[in-house]
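> coordinates for the following, if possible.
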Amino acid sequence: MDTQKSIETLQFFITNLNAQAFSHKLQAYIFKSKGYEKLSTLYLDHSGEELGYVDQFIKRLLDLGGTLKQEKIDEQTLIEDPVEYLKADNKVSVDGIEFLRKCMDNIKDDYTTFDMFKAYLKDEEDDMYWQEEQLDLIDKIGVQNWLMTKAI
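Model (predicted):
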């Protein structure tokens, strides 16, 4: 097992998943301000779920003897329109899942960390499938009907 690879991978995801969770929290508040209560609750809950993974990754990094860092992140774009946000978030999911799978190859000999990332990957895939389902539903029933049933 290459402990340093595990520590570096964990730190990368601690930094970036924490940023993603905060972005989802901000989006939740944007949706709430626009009257999209269901979407607000969904993304607020999603933010908390992601922070749960951040907590697990932090604990594992420290268990491995790593030094935790608070790294700088790039500014993230917030989107007012819920459908456009859903499309953008889906692209992040698709790209992120592919990247996560590649990163998991670096930690495959660290079974504990690998299992944590496998659970995270499953959760991310579920999120991606939900996003794709919503986008398909929007195509079928229209934006206004979708907003009435899924967002408000």
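
> isn't Leu86 right up against Glu133?
No: using Cβ atoms under 8 Å, Leu86 makes no contact with Glu133, being 10.5 Å away. C-betas here are computed from N, CA, C, even on glycine.

> between those two, who's got more neighbours?
For Leu86 versus Glu133, the count of surrounding residues by other Cβ atoms under 10 Å is larger for Leu86: 21 against 10.

> and that one, helix, strand or coil?
At Leu86 the chain is in helix, as set by DSSP: H, G, I helix; E, B strand; the rest coil.

> and it, how far is that from Trp146?
9 Å (Cβ to Cβ, to the nearest Å).

> find residues that contact each of the two.
The contact sets of Leu86 and Trp146 overlap at 134, 138 (Cβ atoms under 8 Å, 6 or more residues apart in numbering).

> can you tell me how far Asp110 sits from Trp130?
Taking Cβ to Cβ, one finds Asp110 at 29 Å from Trp130.

> of those two, who's got more company?
Set side by side, Asp110 and Trp130 show more neighbours around Asp110, with 21 against 15, by other Cβ under 10 Å.

> Arg101: neighbouring residues, count only.
Residues near Arg101, counting by other Cβ under 10 Å: 11.
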